[in-house]
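J.: Mind looking at a prediction? Sequence and model below.
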Amino acid sequence: MDSFDGWRRRLADGMERRGDWPARAPWVREAVGAVPRDRFVPERVWSWDGYAYVPVDRAVDPERWAAEVYGDPDAAVVTQVTDGLPSSSLSCEAVVVDMLDSLQLEPGHQALELGTGTGRNAALLAWRAGGGRVTSVEVDGELAERARGRLRGVDVRVEVADGRELAPVAVPYDRVIATFAVDEVPWSWVAATRPGGRIVTPWGRLGHVALDVADDGRSAKGWMQGLAQFMPARGSGRARVSYQQVRAAAGEAVGAVRPAGRRLEPLRDDIHLRFALRVALPDVQITTAEDDDGLNAWLHDGSSWAALSTVVHQGGPRRLADELDRAWERWLGDGSPSLYDYGMTVEPHRQYVWCRRPGSGAGW
């Protein structure tokens, strides 16, 4: 028993109470127990204090460090900060487990991981697939080198490359899993997966999807599996601008102020609504927060903005609050489908999200 045994046990028990351990894949819990998080976390991690990311050093405050690593099944551990923003993390345990369950990995499978990060997920894959069966790709050379050190004794190949576009492979993989979010699944991922193989990836920084490659290798499709809030691929071009910056650039409200017309709590609390809005308004970022005046919501797409409380203000080329209302109403009219009712189809030159029936073309 070591100093982190109690922390590990508390996290595992908490996940047990919540029903997070997958019944159809008991190997996942065994692997998590054999590959503890703390062995793949650097001595310094980063914690949000309400204003900025501040360092938490294991040598200075070991209990706080352990709390960052093991305290919450739904909290990622920020392991790298670049220009004040997280650039690498150890994913939250609940999502790691959920995605491994979705991958349907079997012993002997050849597996490709995109986004090595700390190396911990690659070690979990190797525990299941076996030695020499896992290749992991990391765009950041320093992170890759550190991961190799943590993976010493684990037979995993770590390569430095941009995982967004894979080079052609001689022998396709049985399983491909990404640890960063993409808005579009690169076709090279499908081409690198054998017919009948499976790809699991976060999509749009909100849901994660499991795609099965067709027998003819000419498409991949599958269902959304759950929430997975991951950082986007580096260099993906996703704007890192804030609502305040957009509002300042776009100028003040255009048109009359109007009543909000509906309660805002679902925008904060209903993951199924939030996912439907992600499909309908893929370029709109929605943030909610509560203050003395109640719940507020802020929307922006990089050039237009909207502020919702009891009234609506909006500015810029688009009327984002009006678009939000229409998309919300469509979702209600469709019977409020859950995120698990949605799926995705990927083809060489197009991809789309559908609802309830493959090929129905729900949006995006």
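T.: Good, I have the coordinates. For clarity, every value in this text was computed on a predicted model and none was experimentally measured.
J.: all contacts plus neighbour counts: C-alpha atoms, from now on.
T.: Fine.
J.: ok now do the residue lying closest to P317 once chain neighbours are set aside, which residues does it touch?
T.: Nearest residue to P317 in three dimensions, chain neighbours excluded: S304, at 5.9 Å (CA to CA, 6 or more residues apart in numbering). Residues in contact with S304, defined by CA atoms under 8 Å, 6 or more residues apart in numbering, are V246, R247, A250, Q314, G315, G316, P317, R318, R319, L320.
J.: Most neighbours among the residues you listed, please name it.
T.: Q314 (28 neighbours; other CA atoms under 10 Å).
J.: who does the lowest-mean-pLDDT helix or strand in the chain pair up with?
T.: The least trusted helix or strand in the chain, going by mean pLDDT, DSSP states H and E, turns out to be strand 85-90, with a mean of 85. Strand pairing for strand 85-90, determined by DSSP bridges: strand 77-82 (antiparallel).
J.: How many neighbouring residues does W27 have?
T.: Residues contacting W27 under the criterion other CA under 10 Å number 19.
J.: Go ahead and confirm it touches R128.
T.: Yes: taking contact to mean CA atoms under 8 Å, the distance of 7.4 Å between W27 and R128 places them in contact.
J.: Please spell out which residues along the least confident helix or strand of the chain are buried.
T.: For strand 85-90, burial by neighbour count (16 or more other CA atoms under 10 Å) applies to P86, S87, S88, S89, L90.
J.: Now do the SS call for A12.
T.: Assigned by DSSP: H, G, I helix; E, B strand; the rest coil, the conformation of A12 is helix.
J.: Check the spacing between it and G6 real quick.
T.: With distances defined as CA to CA, to the nearest Å, the gap from A12 to G6 amounts to 10 Å.
J.: Counting neighbours, go ahead and name the busier of these two.
T.: Neighbours were tallied for A12 and for G6 using other CA under 10 Å; the higher tally belongs to A12 (21 against 12).
J.: Figure out how far the least confident helix or strand of the chain is from the centre of its chain.
T.: Averaged C-alpha coordinates place strand 85-90 at 12 Å from its chain's average position (CA atoms, centre = their mean, to the nearest Å).
J.: which residues sit against that strand?
T.: Contact partners of strand 85-90, identified using CA under 8 Å, 6+ apart, comprise V41, Y53, A76, V77, V78, T79, Q80, V81, G117, T118, R120, M231.
J.: Now the phi/psi pair for the nearest residue to the first one once chain neighbours are set aside, please.
T.: By that I understand V41. Excluding its sequence neighbours, the residue lying closest to V41 (CA to CA, 6+ apart) is T118, at 6.6 Å. The main-chain torsion angles of T118 are listed as degrees, to the nearest 10 and equal phi -80, psi -20.
J.: and T118, how many residues sit next to it?
T.: Tallying neighbours of T118 according to other CA under 10 Å, which is how burial is gauged here, yields 28.
J.: Report the contact partners of it.
T.: Contacts of T118 (CA under 8 Å, 6+ apart): F40, V41, S89, L90, L143, R146, A147, R150.
J.: mind running it again at 10 Å?
T.: The contact partners of T118, taken as CA atoms under 10 Å, 6 or more residues apart in numbering, are 37, 39-42, 79, 88-91, 138, 143-151.
J.: can you tell me which of those are in helices?
T.: L143, A144, E145, R146, A147, R148, G149, R150 (DSSP state H).
J.: Make JSON lines out of these and add neighbour count and pLDDT.
T.: Putting the ones in helices among the contacts of T118 into JSON lines (neighbours: other CA atoms under 10 Å; pLDDT from 0 to 100) gives the following:
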{"residue": "L143", "neighbour count": "19", "pLDDT": "93"}
{"residue": "A144", "neighbour count": "23", "pLDDT": "96"}
{"residue": "E145", "neighbour count": "17", "pLDDT": "97"}
{"residue": "R146", "neighbour count": "15", "pLDDT": "95"}
{"residue": "A147", "neighbour count": "23", "pLDDT": "96"}
{"residue": "R148", "neighbour count": "19", "pLDDT": "97"}
{"residue": "G149", "neighbour count": "14", "pLDDT": "96"}
{"residue": "R150", "neighbour count": "18", "pLDDT": "96"}
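J.: Pick the one among these closest to S47.
T.: Out of the ones in helices among the contacts of T118, the one with the shortest distance to S47 is L143. That distance is 19.3 Å, counting by CA to CA.
J.: now the helices for the chain?
T.: Along the chain, counting by DSSP H, helices occupy 5-18, 27-34, 62-70, 93-103, 120-129, 141-150, 187-191, 243-250, 265-269, 271-280, 320-333.
J.: where in the stretch 201-350 of the chain is pLDDT low?
T.: For the stretch 201-350 of the chain, residues meeting the criterion pLDDT under 70 lie at 205, 228-240.
J.: what do you get if the cut-off is 90, keeping everything else the same?
T.: Filtered on pLDDT under 90, the stretch 201-350 of the chain yields the residue ranges 204-207, 226-243, 251-261, 282, 290-294.
J.: ok and the least confident helix or strand of the chain relative to helix 141-150, angle-wise?
T.: Note on geometry: by axes from the mean of the first three to the mean of the last three CA atoms, to 10 degrees, strand 85-90 and helix 141-150 are set 20 degrees apart in direction.
J.: Now do strand 85-90 against helix 120-129, angle only.
T.: Here strand 85-90 points in a direction 20 degrees away from that of helix 120-129 (the same axes, to 10 degrees).
J.: check contacts around R357.
T.: Residues in contact with R357, defined by CA under 10 Å, 6+ apart, are D341, Y342, G343.
J.: I'm done for today, thanks for sticking with me.
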